[in-house]
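Student: fold the following.
(chains A and B)
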Amino acid sequence: MREATVKMSVLLGTIFNPARRLPGGQAFDGDMLGYFLQRLAQALVVMLVISALVFAGVYGIGNPIDVLLSPDATQAIREATIKAYGLDQPLWVQYRDFLLRLAAGDFGRSFVFNMPVLELILSRLPATLELTLLAVFGATFAGVPLGMYAGYRPDGIAARAIMAFSVLGFSVPTFWIGLVLILTFAVTLGWLPAGGRGETADLFGVPFSFLTLDGWSYLALPALNLSLFKFAMMVRLARAGTRETMLGDAVKFARAAGESEWTILHRHVLRLIAIPIVTVFGLEFGSTLAFAVVTETIFSWPGVGKLIIDSISSLDRPVMVAYLMLVAFLFILINFLVDIAYAALDPRLRAARAR
Amino acid sequence: MTALLEVRDLATHFATRTGVVRAVDGVTLSLAPGEIIGLVGESGSGKSVTGFSILGLVDPPGRIVRGSVRFEGRELVGLPHGELRSLRGRRIAMVFQDPSATLNPVLTILDQMRLALEAHERIGKAAARARAAEILTRVGIPDAGRRLDSYPHQLSGGMRQRVAIAIALLNRPALVVCDEPTTALDVSIQAQILAEMKSLARESGTALIWISHDLSTVSALASRILVMYAGRVVEEGTVGDVLSAPRHPYTRGLLDSLPSLATPGQDLRQIPGAMPSLSDPPPGCAFAPRCAHAVDACTAMPDLVGAGGRGVRCHRPLGDAP
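Tutor: You can find the predicted model right below:
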């Protein structure tokens, strides 16, 4: 009976003790919550600053009234439209009104598409998201093992071939590779389509290409095109990290313990080089998601990159503002996730943060 | 008694851009089961490379170019990689100088010990944990069960080195090569670890090669000492013989530069000069340029002469009638 009571209290202690240890020795306590709140506050400030900068910048580009009206509109219609969109107000008033609407969750309506901006962007985002995810994950899963191999056997022929290919991926511009890919696989060989998104299927009510075989054939070329640069970067990062780590005492000690080379590579080295890889992964993911413009244009991929280019050329102000704010938000989110990944990967950072 | 380890005329050279560095050039030593020997010399004398060569852990561009390493009756030089790997950690283990560099900072102590166990046997999680905790307790880590879930940075330097020693002893090896394992530690911790190593080795019958530049730690531990200079053994003998009646001028110089033997207030006696370049050594005795007793004959390489484990590589050994 007494034993049961002790067990019970231990159990309750584990559940209710706020400073209990999570797996991996991480203490989940007030510090962690404080950290989240601090990051959230930082994010809000950054978003506010970004919105002001973007709003002022976009305001400076030009007057969208010419885009909004047909050239034969009368002066009366013209003035009425200007008034309706608040374009006659001073900048700070327009910005204030924008913020007020934003607080209510309203990003405004696109001048060109005449639909809510948020809806417009979110309708294009899945296309970019699947393209970007495929490119970044593909580049990482191919680049890291190849780079580790190149770092493990730096003098081998295979390593030299991998490095030569990565130089190519680094130095040849994306648009040119895109054109070559189209020329080779779409025009000459006729294996894959040159552009468009192909057949899509719905997942949670959102259309995705990767759910159909036909969609994959449309995804392949743009994803390959987008991933080449990232692949090259992952190869170089993994190679440099592996070379350095392989010479270190940790690897020598593991060898002295009789661990196999395979164990050393995937249990020791991969963990030790993970931090820079995760960093670059996050940065590349964010910037690709936001600025896959070139690839999306070449392959007529109906994603957000193409949307922003179109909205810039038509001076579709609300789309530009909302899009750039979305980009800023994505970067903040990704950086935050990368930070969490750091803590999961390196226990020394957990300790530093808890302090 | 058959020897556990017989190293004969071992030479490990590094082919570098500026020439071949003869880091180890003809080392011969033997070790009985359970014996503790000290390998002493200053930085660059080849003592560490000798240790690495025994385990076949010389990194390129280094290569064993000559000689033999027989361990438990098996020749290790030229042994296929897989067989060598299965010996490492199981029969021969090694402890390194800097425990903060040898332990993987992103793995828990338990994970690292499990990897070392799994390298040689299939072992369940619970069994591995029990073995790891037991060996940590043996090397003097209090509260070992809880320490297993720590990361290296959560332990002190002395604790980390104890963990590294525990990993080396995990599979009950017959020989542990210790490459200056106490150099990076506080003096008080050094003494503790020395005492523990000695009793651990005695209990388990493990032989030790204790590599150090510090004659005093070696003399506290080893029964025999080999003094290395410029890739060669220049003097060997029992601790008592070497310390009380050194025969090589270099050994004499090392002893004279020990602070504990100096008269307080007096400057320490140093060995003048520095070790010669190992890629372009002077002909003959490598110590001759720094030696107060050098004569013309020293331009020819002296042999290691002696019997019964007492030997000196010198044309004019100390203590000889002139």
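
Student: so where's chain A shaky on pLDDT?
Tutor: A:1-32, A:62, A:67, A:201, A:205, A:351-355 (pLDDT under 70).

Student: and whichever residue of chain A sits closest to chain B, what does it touch?
Tutor: Nearest residue of chain A to chain B, counting by Cβ to the nearest Cβ: A:Gly258, 3.1 Å away. The way it works is simple: take the backbone N, C-alpha and C, and place the C-beta from them, glycine included. By Cβ atoms under 8 Å, 6 or more residues apart in numbering or on different chains, the residues touching A:Gly258 are B:Arg85, B:Ser86, B:Leu87, B:Arg88, B:Gly89, B:Arg90, B:Ala116, B:Ala119, B:His120, B:Asn171.

Student: between those, which sits nearest chain A?
Tutor: B:Gly89 (3.1 Å).

Student: ignoring the adjacent residues along the chain, who's closest to the closest one?
Tutor: A:Gly258 (3.1 Å; Cβ to Cβ, 6 or more residues apart in numbering or on different chains).

Student: if we can go back for a sec, and the contacts of A:Gly258, which two are furthest apart?
Tutor: Maximum pairwise distance among those (Cβ to Cβ): 13.8 Å, between B:Leu87 and B:Ala116.

Student: neighbour count: the two, which is higher?
Tutor: B:Ala116 (26 against 22; other Cβ atoms under 10 Å in any protein chain shown).

Student: tell me the mean pLDDT for the helix or strand encompassing that one?
Tutor: Using DSSP states H and E, B:Ala116 maps to helix B:109-118. The average pLDDT within helix B:109-118 is 90.

Student: contacts for the worst-scoring helix or strand of chain B on mean pLDDT, please.
Tutor: Across the helices and strands of chain B, the lowest-confidence element by mean pLDDT, DSSP states H and E is strand B:305-307, at a mean of 75. With contact meaning Cβ under 8 Å, 6+ apart, strand B:305-307 is reached by B:Glu236, B:Gly237, B:Gly311, B:Val312, B:Arg313.

Student: just confirm the second one is within a helix.
Tutor: No: checked against DSSP: H, G, I helix; E, B strand; the rest coil, B:Gly237 lies outside a helix; its state is strand.

Student: ok, it touching B:Gly309?
Tutor: Yes: counting by Cβ atoms under 8 Å, B:Gly237 does reach B:Gly309; the two are 6.6 Å apart.

Student: with neighbour numbers in mind, choose between the two.
Tutor: B:Gly237 (23 against 14).

Student: what sits closest to the more buried one if chain neighbours are left out?
Tutor: B:Arg310 (4.2 Å).

Student: quick one, phi psi at that neighbour?
Tutor: The phi and psi torsions at B:Arg310 (degrees, to the nearest 10) take the values phi -110, psi 120.

Student: count the neighbours of it for me.
Tutor: B:Arg310: 16 surrounding residues under other Cβ under 10 Å.

Student: residues contacting it?
Tutor: B:Arg310 touches B:Glu236, B:Gly237, B:Thr238, B:Asp241, counting by Cβ under 8 Å, 6+ apart.

Student: burial count for B:Val21?
Tutor: 23.

Student: scratch that, B:Met197 is what I was asking about
Tutor: Neighbours of B:Met197 (other Cβ under 10 Å): 24.

Student: isn't it right next to B:Leu208, touching?
Tutor: Yes: using Cβ under 8 Å, B:Met197 is in contact with B:Leu208, at 6.9 Å.

Student: now do the shared contacts for the two.
Tutor: Counting by Cβ under 8 Å, 6+ apart, the residues touching both B:Met197 and B:Leu208 are B:Cys178, B:Leu221.
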